[in-house]
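# fold the following for me, if possible:
(one chain, ligands or ions: 2)
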Amino acid sequence: MKATDGHKPFKSGYVALVGAPNVGKSTLLNQLLKEKVSITGPRPQTTRNRIAGILNRSDCQIILLDTPGIHKARDAFNQILVDTALGTLGEVDVICMIVDATATHREIDEMIRERLSRIGIPVVLLLNKVDLVRRKGDLLPMLGELGEKWACHAIIPISALNGDGVDLVLDELMELLPEGPRYYPEDDLTDQPERFLVGELVREKVFHLAHQEVPYAVAITVDRFSEDPERRRVEIEATIHVERDSQKAIIIGKQGQMLKEIGKQARHDIEALLGCHVFLGLYVRVQKNWRKDPRARADFGYRPQR
Ligand SMILES: Nc1nc2c(ncn2[C@@H]2O[C@H](COP(=O)(O)OP(=O)(O)OP(=O)(O)O)[C@@H](O)[C@H]2O)c(=O)[nH]1
Ligand SMILES: [Mg+2]
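Ligands and ions are numbered 1, 2, ... in the order given. The predicted structure is shown next:
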């Protein structure tokens, strides 16, 4: 075991970030890492996979698992998302349960609380989005109510967006994590390949720019990812898969304006991620009702968890 200063042991372990949809799990992951590893958005069900972000410090390595929002799944596709989140719970040393100070998901939170009480893994409860609570006097009763309900190690009010309280979350995790080795090389930031992150950034732009059911009907494949050393750039071709012709028309937009904007914004973020110039070619393709088709779902990276 590597000691950092002769006294403090090196700590490491796995932490799950869980909660109802849209409560700020992915925003918190990015804030903890100070890097964008997981996409975020104003709608529920933005995150569809379990994404590890690796926090490397001289005294610890914390593997933070972002998960899809837990909800009442009405179809097989959403059940995969929920199972992905629930399946993460058994694999971790600590669970960070996130609740939204501005929206109540009582039934879902209660269902998760039930489940966590049976698993017996230490829970840290985070009351997120406190920056949006106008009357700060409302916070104390909220924290009191949560404290009565939850058998947890700590309840911490935070703003994942602006970083308030996030250091306290790290302090608490350091308390709870066991001594252990570095599981990943020190400069690894995530367990996801660049190809996946690139596809996610394209999907994020669709989530921000398209409305109603369109973002939910979208899956991305990255079909080409190659380096061009002569031009010192990376060339990427990706396909935006939708379920219907009408959605294809929306994604392309009038005179291709929508697709152009998706491409522009995605390229900007991909260049920041890769640290070099990027050529991004985007295509749109209809794969009829792919969310209902187990094979198509698997092709797009969404496989049943059990
Ligand atoms: N004002 C404010 N907004 C926040 C905060 N945390 C998250 N948000 C916003 O809430 C929305 C949802 O954030 P996400 O991080 O995508 O939420 P999530 O829990 O990962 O959502 P799913 O992946 O869909 O389950 C985004 O618009 C964020 O910018 C916060 O502390 N304060
Ligand atoms: Mg998310």
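# count of neighbours near E145?
10 (other C-beta atoms under 10 Å). The way it works is simple: take the backbone N, C-alpha and C, and place the C-beta from them, glycine included.
# all further residue positions should be reported with the first residue as 32.
Done: numbering now begins at 32, and the last item shifts to E176.
# okay, it and A132: tell me how far apart.
11 Å (C-beta to C-beta, to the nearest Å).
# same thing with D222?
Using C-beta to C-beta, one obtains 30 Å as the distance from D222 to A132.
# where does the chain dip in pLDDT?
Residue ranges of the chain with pLDDT under 70: 32-37, 337.
# now for the helix or strand where L204 lies, which elements pack on it?
Here L204, judged by DSSP states H and E, is contained in helix 197-207. Judged by 3 or more C-beta pairs under 8 Å, 6 or more residues apart in numbering; DSSP states H and E, the packing partners of helix 197-207 are helix 56-64, strand 91-97, strand 125-131, strand 154-159, strand 185-188.
# need the residues that contact the following helix or strand past the first one.
The one in question is helix 56-64. Using DSSP H and E, the helix or strand that follows helix 56-64 towards the C-terminus is strand 82-87. Applying C-beta atoms under 8 Å, 6 or more residues apart in numbering, the external contacts of strand 82-87 come out as 57, 60-61, 63-64, 66, 68-69, 92-97, 201, 213, 215, 217-223.
# ok, and does strand 82-87 reach over to ligand 1?
No: with C-beta under 6 Å from any ligand atom as the threshold, strand 82-87 lies outside contact range of ligand 1, at a closest distance of 9.8 Å.
# rewinding a little: of all the helices and strands packed on helix 197-207, which lies closest to ligand 1?
Ligand 1 sits nearest to helix 56-64 of all those, at 3.4 Å, using C-beta to the nearest ligand atom.
# from the chain's centroid, how far away is the closest one?
8 Å (C-alpha atoms, centre = their mean, to the nearest Å).
# which one of the helices and strands packed on helix 197-207 lies closest to Q296?
helix 56-64 (16.9 Å; C-beta to C-beta).
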